[in-house]
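Colleague: Quick one: sequence plus predicted model below, questions after.
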Amino acid sequence: MSDIEKVKSLIRTIPDFPKKGISFKDIFPIFQDPTAVETLISYLVNHVNTTINEKVDVIVGLDARGFLFGPILALRLGAAFVPVRKQGKLPGEIISAEFVKEYGVDIFELQKEAIKPGQNVIIVDDLIATGGTAHAAGNLVEGSGGKILEYIFIIELIDLNGKNLLKAPVHSIIRY
Ligand SMILES: O=P(O)(O)OC[C@H]1O[C@H](OP(=O)(O)OP(=O)(O)O)[C@H](O)[C@@H]1O
Ligand SMILES: Nc1ncnc2[nH]cnc12
């Protein structure tokens, strides 16, 4: 079994959570195993260093599970970390976007000055399902003048075709 397959074996699938018909992928067991976390982060650092030919200025992580991976990746790459948060959590001037995700509707916010025009950005989240969440975050980053180099997800639910909504390249590690 490869190291990534070992990580995949830690992910739990919970039927009918948080709503009937949703097959929920629970990533938190990964965090009970530091070796598994290191596997994922090392994989991502290597991926960025070997496939992205431009300097990465900012890692944008999506509330909340994107915060588990984004800041560690940013630290390892020597990049800034910027959060996109659910409505009402960020002080100061913000821009916002409403979106639909696999099991609901939400509003994302980004602080206006957090990303400077022309900065190179990678958007990181734990999972892409319908792509609504990542698409909204991408609109906020582009609204700030950031250039999206890539979207990175630990998990991709391929049957939902979420990546079709996104204009920049998409990279995922574990697919179902
Ligand atoms: O591709 P989509 O259909 O848009 O769904 C993907 C999003 O759904 C989950 O977040 P959730 O809103 O459950 O928030 P959480 O990270 O706070 O648990 C997941 O972490 C992604 O952000
Ligand atoms: N099936 C799923 N499992 C975990 N998080 C999700 N976010 C959207 N769809 C999800």
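Modeller: Done, it's in. These figures come from a predicted structure and were not determined experimentally. Ligands and ions are numbered 1, 2, ... in the order given.
Colleague: where do the strands sit along this protein?
Modeller: For the chain, strands defined by DSSP state E occupy the ranges 12-15, 23-26, 58-62, 80-86, 94-101, 104-111, 120-128, 147-156, 170-175.
Colleague: So in that sheet, which strands flank the third one, and in what orientation?
Modeller: Translated: strand 58-62. strand 80-86 (parallel), strand 120-128 (parallel) (DSSP bridges).
Colleague: List the buried residues for stretch 85-100?
Modeller: By neighbour count with 16 or more other Cβ atoms under 10 Å, stretch 85-100 contains the buried residues R85, L90, I94, S96, A97, F99. Glycine gets a C-beta too; all of them are placed from N, C-alpha and C.
Colleague: any idea how far I173 is from the second one?
Modeller: Taking Cβ to Cβ, to the nearest Å as the measure, L90 falls 28 Å from I173.
Colleague: again with the fourth one
Modeller: Computed as Cβ to Cβ, the S96 to I173 distance reads 29 Å.
Colleague: Get me the contact residues on the chain for ligand 1.
Modeller: 62-65, 101-102, 106, 125-133, 162 (Cβ under 6 Å from any ligand atom).
Colleague: ok, back up a step: just name the closest of the buried residues of stretch 85-100 to I22, please.
Modeller: F99 (16.8 Å; Cβ to Cβ).
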